[in-house]
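Trainee: show me how the following folds:
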Amino acid sequence: MYKKIVVATFLFTGPLIASFTPFFSGPEHAETHAGLRERNVRKRILSQIVSFRDYVKDSLFYEVSKNETNGERVRQVVLTARLLFKKFEWGATYFAADLAERLNGPPVPEIENADLLDPSLARAIDPVGLQVIEELIYPENNASNRQELIDQVAHLVTNTDYLIAYFTDHELADWRILDAAKLEVFRIITLGITGFDNALSLNSMEESSVSLQSLHDVLSRYVPKKKMAPLLQQLDAAIAYLHRHPDFDSFDRAAFITRFANGISAGIAQLEQDLPGPKIKYNRMLNQNARTLFDPDAFNVNAFSPGPEFHVTAAKVALGEKLFYDAALSGTGTRSCASCHNPSLAYADGLVTPADLRDPTTQLTRNVPTLLNVALQSNYFYDMRALTLEDQVRDVIRNPQEMGNSMAAIIRYLSADTPYLSLFTKAFPAKDKNEISRKEIIEDEVVNALASYLRSLTKLNSRFDAYMHSRGEGLRKEDILSKRELNGFNLFMGKAKCATCHFLPLFNGVTPPKYVKGETEVLGVPVSAADSTLDPDRGYYDIIGIDSYQYAFKIPTVRNIAKTAPYMHNGAFQTLDEVMEFYNNGGAAGLGINLPNQTLPEESLDLTESEKQDIIAFMRSLESR
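Mentor: Numbers count the residues shown, from 1 in each chain. Next up, the predicted model:
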């Protein structure tokens with residue numbers, strides 16, 4: 001049985017609404033002012049949801065309720081139900097995300113009240129929806145699952161009724177409809193064509209084509225008739241491409257994204273930009289005005305900061321960099337942040353695990369992760385215990401094994417240093433104009449300066465990025481990525497299923513298309529490549545205390561992976577070949593480790609040696625420049 005990735009919710013600390021952007025329009029936009037277009041779109045979504053609910057009640061429930069069910073017939077009906085869901089997925093997941101997840105969320109327990117300030121409030125909610133149903137009927141329909149299957153279909157009807165009630169009572173706005181349409185394109189290329197939510201049926205291309213056709217019907221209401229051709233023609237071409245290439249394993253995802261999807265999302269972004277009327281700017285990691293996921297400024301490094309006053313400035317970065325290399329910040333005066341985060345090693349250290357500050361002969365239990373692109377995450381440390389980079393900095397400074405110091409001691413040191421005082425004054429200007437001179441630094445300023453420097457280490461400028469966004473400085477695409485690297489990307493996104501956890505384009509565990517939740521995975525990592533005993537570190541379980549999260553760890557980025565060996569949370573594997581072998585064999589299951597809550601597929605991926613090397617070649621193309 002295939003078990004999907006573990007979802008870990010986090011406390012979103014940034015403001016929801018950052019600003020209003022007013023626009024005004026003339027009489028030519030009377031339809032928009034009257035709300036006719038918006039009402040028509042809402043009616044269409046409602047009609048599609050009702051059709052889905054009625055089909056589930058009349059056909060799916062009927063099939064699963066039979067005393068002797070026909071497995072093939074049940075699977076066919078489920079596939080049809082999924083296609084009906086895909087017609088309104090774009091609107092449901094945007095406007096009513098929690099309800100939509102009850103229809104098609106990952107088949108693993110969801111954490112409710114996952115507030116790390118009080119983990120005792122957390123509880124696990126059993127999964128429901130189409131993905132759970134898929135697990136019950138693939139590879140075959142087991143009669144022992146009959147009652148559970150009936151219950152799941154009943155839940156599907158109930159939750160769809162809630163969704164119908166939502167869209168009956170809530171108005172939509174044109175700019176949000178277009179924003180939702182663009183995010184659906186991003187969802188298709190990050191989740192749809194990767195098999196993220198149909199891991200067993202792998203009907204990804206047909207489902208993606210249905211999603212795009214639904215967008216086509218909606219967007220035709222927004223495209224000026226004189227300018228109708230380009231965007232709608234691109235949609236038609238993308239749909240046709242999906243129909244011509246339905247096979248999951250051989251589908252050319254690089255071609256689909258660069259030839260079709262990027263142009264479609266850019267076209268929708270232009271429609272949204274040209275739309276008159278007020279627009280609300282959200283604080284989310286994916287910038288609202290991003291035209292493609294590969295734009296150089298597509299992601300907001302400040303999204304997960306504690307608030308606007310903590311946002312990055314050049315002065316803070318300059319100060320943070322100086323602090324980063326200052327060994328006086330450690331309790332012994334012998335270790336700086338850079339001691340364990342070496343810039344030449346992508347800000348990792350090349351060791352299995354670092355040494356204990358107090359006793360250099362003793363090793364810590366966890367590997368040092370890269371700091372490149374660290375701002376583009378929602379939780380920090382392998383066990384997800386820190387919500388912001390500021391929290392992470394505090395933790396590391398106070399940890400007796402890492403930096404072994406107190407904030408009070410650091411503040412005394414910095415406040416007595418005139419050059420530092422000057423830098424702090426520039427980075428954090430006095431709010432009171434009557435304040436003449438700075439006499440003491442405060443803790444928030446120290447951790448924010450260091451966190452700002454870490455946020456400045458965001459580099460999405462690899463050869464892969466250049467290929468996907470045509471940033472090749474005049475080079476032909478074939479000169480940017482080799483055929484082996486492109487094949488590796490398509491394998492990574494398809495047959496090898498790497499991208500169902502390491503999501504495009506960040507290749508970490510923050511889930512697209514809104515990029516507001518971080519995820520964990522239960523792999524069953526051994527003590528070492530030579531010792532297949534399960535590593536005793538229980539990871540996120542020790543923070544959240546929910547059984548299904550035993551041995552769960554944050555999903556790290558694979559960007560710059562060629563420089564960050566050894567790998568896994570404990571540095572168990574020295575080479576990427578060892579990592580690929582571990583995944584190819586089914587994680588813990590492939591090592592003979594009994595781990596009931598393993599979320600990695602237990603079956604072999606059946607990758608050939610050549611395919612594994614292609615994937616490694618692709619991952620090497622993700623090195624920052």
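Trainee: residue contacts, residue 86?
Mentor: If you count contacts by C-beta atoms under 8 Å, 6 or more residues apart in numbering, residue 86 has them with 207-208, 210-211, 214. For every residue, glycine as well, the C-beta is placed using N, CA and C.
Trainee: make a markdown table out of those residues and add secondary structure.
Mentor: Supplementary listing: these in a markdown table, determined by DSSP: H, G, I helix; E, B strand; the rest coil:
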| residue | secondary structure |
| --- | --- |
| 207 | helix |
| 208 | helix |
| 210 | helix |
| 211 | helix |
| 214 | helix |
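Trainee: and which of the residues you listed is nearest residue 488?
Mentor: Distance ranking of the contacts of residue 86 against residue 488, using C-beta to C-beta, places residue 208 first at 21.7 Å.
Trainee: so who does the nearest residue to that closest one once chain neighbours are set aside touch?
Mentor: The shortest distance from residue 208 to any residue that is not its chain neighbour, by C-beta to C-beta, 6 or more residues apart in numbering, is 4.3 Å, and that residue is residue 192. By C-beta under 8 Å, 6+ apart, residue 192 lies in contact with 204, 207-208, 211.
Trainee: what do you get for residue 348?
Mentor: With contact taken as C-beta under 8 Å, 6+ apart, residue 348 is in contact with 341-342, 367-371, 563-564.
Trainee: filter those down to the buried ones.
Mentor: Of the members of the contacts of residue 348, the ones counted as buried by neighbours, 16 or more other C-beta atoms under 10 Å, are 341, 367-371, 563-564.
Trainee: what is the nearest of the residues you listed to residue 300?
Mentor: Sorting the buried ones among the contacts of residue 348 by how near they are to residue 300, with C-beta to C-beta, puts residue 371 at the top with 17.9 Å.
Trainee: give me the neighbour count for the closest residue to that closest one other than its chain neighbours.
Mentor: Residue nearest to residue 371 in three dimensions, not counting chain neighbours: residue 347, with 3.6 Å by C-beta to C-beta, 6+ apart. A count of neighbours around residue 347, defined by other C-beta atoms under 10 Å, yields 24.
Trainee: let me see the ranges of the helices in the stretch 201-350 of the chain.
Mentor: With DSSP state H, counting those that start in this stretch as the definition, the stretch 201-350 of the chain shows helices at residue ranges 204-219, 229-244, 253-256, 262-274, 314-324, 337-340.
Trainee: which residues touch the third one?
Mentor: Translated: helix 253-256. Contact partners of helix 253-256, identified using C-beta under 8 Å, 6+ apart, comprise 189, 193-194, 238, 241-242, 467-468, 486, 489-490, 493-494.
Trainee: equivalent analysis for the fifth one, please.
Mentor: Helix 314-324 is contacted from outside by 329, 336-338, 341, 420, 423-424, 426-428, 446, 448-456, using C-beta under 8 Å, 6+ apart.
Trainee: just the buried residues from the residues you listed, in ChimeraX please.
Mentor: Isolation of the buried members of the contacts of helix 314-324 (16+ other C-beta under 10 Å) is achieved in ChimeraX through the command below:
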select :329,336,337,338,341,420,423,424,427,428,446,448,449,450,451,452,453,454,455,456
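Trainee: what about the contacts of helix 314-324, which are in helices?
Mentor: With helices defined by DSSP state H, the entries of the contacts of helix 314-324 inside them are 337-338, 420, 423-424, 426-427, 446, 448-455.
Trainee: low-scoring stretches of the protein, by residue?
Mentor: Along the chain, the model assigns pLDDT under 70 to residues 1-34, 112-117, 119, 226-228, 432-439, 471-475.
Trainee: what is the nearest of the ones in helices among the contacts of helix 314-324 to residue 302?
Mentor: Distances from those to residue 302 were compared by C-beta to C-beta; the smallest belongs to residue 455, at 7.0 Å.
Trainee: OK, contacts around that closest one?
Mentor: With contacts taken as C-beta under 8 Å, 6+ apart, residue 455 has the following neighbours: 301-302, 305, 312, 317, 374-375, 389.
Trainee: number of nearby residues for the residue nearest to residue 303 when sequence neighbours are not counted?
Mentor: Nearest non-adjacent residue to residue 303, counting by C-beta to C-beta, 6+ apart: residue 285, 3.9 Å away. The burial metric for residue 285, expressed as a neighbour count using other C-beta under 10 Å, is 22.
Trainee: wait, residue 285 sits on residue 508?
Mentor: No. Counting by C-beta atoms under 8 Å, no contact exists between residue 285 and residue 508, whose distance comes to 10.9 Å.
Trainee: any residues in contact with both of the two?
Mentor: In contact with both residue 285 and residue 508: residue 376, using C-beta under 8 Å, 6+ apart.
Trainee: would you map out the domains in this protein?
Mentor: 17-282, 308-455, 463-620 (automatic domain parsing).
Trainee: the last one: end-to-end distance?
Mentor: From its first residue to its last, domain 463-620 covers 9 Å (C-alpha to C-alpha, to the nearest Å).
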